[in-house]
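[1] My questions concern the predicted model and sequence given below.
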Amino acid sequence: MNNVTPQTLLEQVKAVLAQEWNLSPAAIPDNAALNQVEYWDSLGHIKIMMALEAQLKIEMTADTIRNLSSISKIVDYLAAQNNVESKDQIDE
């Protein structure tokens, strides 16, 4: 990915979640997390992880999937995969 920033990663993640949940990306809080959002339960988690893998063309291990339990953790993971510094760069 070219010109990847924490903000673009956040937008990509929210776009995938919005598509899966049939919502506007603006309706998804930046701090959304597993079991804190109506659509993000254990089954929903598997669905969004599969969607992220498909749409972002990445592969994740079962341990990674289990640990990516919030938008911020997903963005941090993607940032690390793309050598993007993400710490403290996304306003929460």
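    In hand now; what should we look at?

[2] Residue 33 pairs with what?
    residue 70 (DSSP bridges).

[3] Let me see the contact set for it.
    Residue 33 sits next to 40, 69-71 when contact means C-beta atoms under 8 Å, 6 or more residues apart in numbering. In this view, the C-beta of every residue, glycine as well, is placed from N, C-alpha and C.

[4] and the residues you listed as JSON lines, adding neighbour count and distance to residue 60?
    Shown next, in JSON lines, are the contacts of residue 33 (neighbours: other C-beta atoms under 10 Å; distance: C-beta to C-beta, whole Å):
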{"residue": "40", "neighbour count": "22", "distance to residue 60": "17"}
{"residue": "69", "neighbour count": "15", "distance to residue 60": "13"}
{"residue": "70", "neighbour count": "17", "distance to residue 60": "15"}
{"residue": "71", "neighbour count": "23", "distance to residue 60": "15"}
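
[5] quick one: which of the residues you listed is nearest residue 28?
    For the contacts of residue 33, the minimum distance to residue 28 (C-beta to C-beta) is 7.7 Å, reached by residue 71.

[6] Per-residue pLDDT of the residue nearest to the closest one when sequence neighbours are not counted, please?
    Spatially, and ignoring its direct neighbours in sequence, residue 71 is nearest to residue 32 (5.1 Å; C-beta to C-beta, 6 or more residues apart in numbering). Note for residue 32: predicted pLDDT of 96.

[7] Then residue 16 would be within a strand, right?
    No - according to DSSP: H, G, I helix; E, B strand; the rest coil, residue 16 belongs to no strand; its state is helix.

[8] where in the chain is pLDDT low?
    1-2, 85-92 (pLDDT under 70).

[9] So which residues of it form helices?
    6-21, 42-56, 62-67, 71-81 (DSSP state H).
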